[in-house]
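Q: With the sequence up front, the predicted model follows.
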Amino acid sequence: MTDAALARQPAYRRVLLKLSGEALTGAGQYGIDPDVARAIASQVAEATQAGVEVAIVVGGGNIFRGLAAAAHGMDRATADYMGMLATVMNGLAIQDALEQIECPTRVLSAIAMNEICEPYIRRRAVRHLEKGRVVVMVAGTGNPYFTTDTAATLRAVEVGAEVILKATRVDGVYDADPEKEPNAQRYTRIGYTELISNRLEALDATAVSLAMDNQMPIVVFDMTRPGNIVRAVLGEQIGTLIGGEVTA
Ligand code: GTP
């Protein structure tokens, strides 16, 4: 564990870490970069050693993006199921990287595939977390038409996480797309309703409204910066906090 992590009391007891599938690609064009998986695993292990219970929901955009396929004419539900299967591969890669460094991990799937992983059962997920295991939840919600951000929010509420930490390639929520608008401004904090009414695309409206209904804070941060996952899990103020209050 780093000195900084040792010196700090974690701000959270239980968190839901949402990992972007695309960020797993790292420097490559496609799939999973083992170095990225290893870097994520070592930070998650560090956070669990600091006493934080970590549940992970992982996306699948590095392998298959359902919405994009649907835009090219594929049946939306079929495309979404393919996207869900992509998240299972990512989840197994994360489990492998965590268990290589002896961090006990369970993969729970919303779509039954018992030969590969456990079925998602809420009470079992909570029990695994209480025992200090990292719980990787895959296959989204098991339903088409829902994003992995919505799955992450649902699971966070279900298992009683205190916060959703959305680890992505952007360092927060901006008032315009920072990859297209060089003058885009980053919010430090933003309210749920402001995010929805301004149609900011950091998260989809279903995920944000579910978080709002359950007063679940969301932190959006850049996972490509070394050490940021540990910082976010320990409660350091990075990225953008989405919550009940309006912009400060
Ligand atoms: P406890 O009951 O708390 O001891 O949890 P445990 O996960 O250690 O025990 P269990 O006997 O349930 O699981 C042992 C191993 O089998 C773990 O790696 C589980 O992830 C795995 N496992 C459990 N259920 C299933 C399943 O339905 N399918 C698959 N593929 N693996 C499973």
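A: Arrived safely, thanks for sending. Everything quoted here is computed from the prediction, not taken from an experiment.
Q: so I32 sits right up against L24, yeah?
A: Yes - counting by C-beta atoms under 8 Å, I32 touches L24, with 4.9 Å between them. Quick note: C-beta positions are derived from backbone N, CA and C, even for glycine.
Q: more neighbours, the two?
A: Between I32 and L24, counted using other C-beta atoms under 10 Å, L24 has the larger neighbour count: 26 against 21.
Q: SS state for the more buried one?
A: Three-state assignment for L24 (DSSP: H, G, I helix; E, B strand; the rest coil): helix.
Q: Could you tell me which residues make contact with it?
A: Residues in contact with L24, defined by C-beta atoms under 8 Å, 6 or more residues apart in numbering, are G31, I32, D33, V36, A37, I40, V58, N62, N90, A93.
Q: which of those are close to the ligand?
A: Among the contacts of L24, proximity to the ligand is found for none (C-beta under 6 Å from any ligand atom).
Q: Tell me the residues of this protein that contact the ligand?
A: R106, N114, E115, I116, C117, E118, P119, R127, K131.
Q: Drop anything exposed from these.
A: Neighbour counting by 16 or more other C-beta atoms under 10 Å classes R106, C117, E118 among these as buried.
Q: The helix or strand containing the first one pairs with which strands?
A: So that's R106. Using DSSP states H and E, R106 maps to strand 105-109. Take DSSP bridges as the rule and strand 105-109 pairs in its sheet with strand 118-119 (parallel), strand 134-138 (parallel).
Q: Can I get those in CSV including mean pLDDT?
A: As requested, the strands paired with strand 105-109 are exported to CSV (pLDDT from 0 to 100):
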stretch, mean pLDDT
strand 118-119, 98
strand 134-138, 98
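Q: of all those, which gets the most neighbours per residue?
A: strand 134-138 (a mean of 28; mean count of other C-beta atoms under 10 Å).
Q: contacts for that one?
A: 44, 48, 54-58, 84, 87-88, 90-92, 94-95, 98, 103-110, 117, 120, 125, 128-129, 151, 155, 159.
Q: Next: stretch 106-114.
A: 84-85, 88, 91-92, 95, 116-121, 124-125, 128, 133-142, 151.
Q: In CSV, could you pull the C-alpha coordinates for stretch 83-90?
A: The C-alpha trace of stretch 83-90 is given here as CSV (Å, rounded to 0.1, in the frame of the first residue of the first chain):
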residue,chain,number,x,y,z
GLY,A,83,-22.8,-6.1,-25.3
MET,A,84,-23.7,-7.9,-22.0
LEU,A,85,-21.7,-10.9,-23.0
ALA,A,86,-18.7,-8.6,-23.7
THR,A,87,-18.9,-7.4,-20.1
VAL,A,88,-18.6,-11.0,-18.9
MET,A,89,-15.2,-11.3,-20.7
ASN,A,90,-14.0,-8.1,-19.1
